[in-house]
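**Student:** requesting a structural model of the entry that follows:
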Amino acid sequence: MGYASRSMSAPIPQWVTILSAVAAMVGMVLGTAGLVMSLMNYLRDRPKVKVFLKWDMTLVRDASKQMGIVRVTNVGRRPIYISVAALQVPKGFKYSHLILKESVPGKKVSEGDAPVTFSVNYDGLVQYSKHWRNVRGYVEDSAGRRYVSKKLPKTDVPSWAKGL
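**Tutor:** Residues are numbered from 1 along each chain as shown. Presented below is the predicted three-dimensional model:
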C-alpha cells in the first residue's frame, strides 16, 4: 500500500550543472595556485648564507703582514645571527675547527647588510700546508645551521702553504 505512489523529483536544469562544474574547476585552479605561491614564499623567505675564504690579504697599516679573511654574506630574506666562525681543518688532525676569536661575541646579519668579515691569523697553519685546499671557512648560526665555503682553486696556493 505505501509503495504505490512514488514522487519523482524535478530534473536539475543544465545551467546549474555547468555552473557547478565551472566553480569546481576555478576552485581547483586557485587552490593549486595558492599552494604553489605559498611554497615559493617559503623557499624564498628562509635564511641563506654564503661563506667565502680568501688568503693572502694585506693590511694597509702593515704591508708586511698577510692574513686571510672569512667573509659571510646573508643573501636570504631572513636575518641570521652568526654564533661562531671558524676554519674547518682536514680530518686526521688534533682539532677539527679553529675558532676565529673575532666571532666569539656573535654578529647579527640582516637582509641587505654589508658582509661580515673575520680575519684569520696565519699562526699555526703551517701544519695544514699539505692539505691547504681542505681548509675551509665555516660559519654556524644560532639555529645550528652550518655553512661552509667552497674549496679554493689549486692555483690559489696561500703563502703559508708555500713555505714548505
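
**Student:** nearest spatial neighbour of the spatially most central residue of the chain, chain-adjacent residues omitted?
**Tutor:** For the chain, the residue nearest the mean C-alpha position is Lys48 (3.0 Å; C-alpha atoms, centre = their mean). Using C-beta to C-beta, 6 or more residues apart in numbering and skipping residues adjacent in sequence, the residue nearest Lys48 is Gly76, 3.4 Å away. From N, CA and C alone the C-beta is placed, and that goes for glycine too.

**Student:** how much space separates that neighbour from Phe52?
**Tutor:** Applying C-beta to C-beta, to the nearest Å, the value for Gly76 to Phe52 is 16 Å.

**Student:** those strands in this protein, which residues are they?
**Tutor:** Remark: strands assigned in the chain by DSSP state E are 49-58, 66-74, 80-88, 97-99, 107-109, 116-120, 136-141, 146-148.

**Student:** now those strands as CSV including mean neighbour count and mean pLDDT?
**Tutor:** Shown next, in CSV, are these (neighbours: other C-beta atoms under 10 Å; pLDDT from 0 to 100):
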stretch, mean neighbour count, mean pLDDT
strand 49-58, 17, 87
strand 66-74, 19, 88
strand 80-88, 20, 89
strand 97-99, 15, 82
strand 107-109, 16, 87
strand 116-120, 19, 88
strand 136-141, 22, 90
strand 146-148, 14, 91
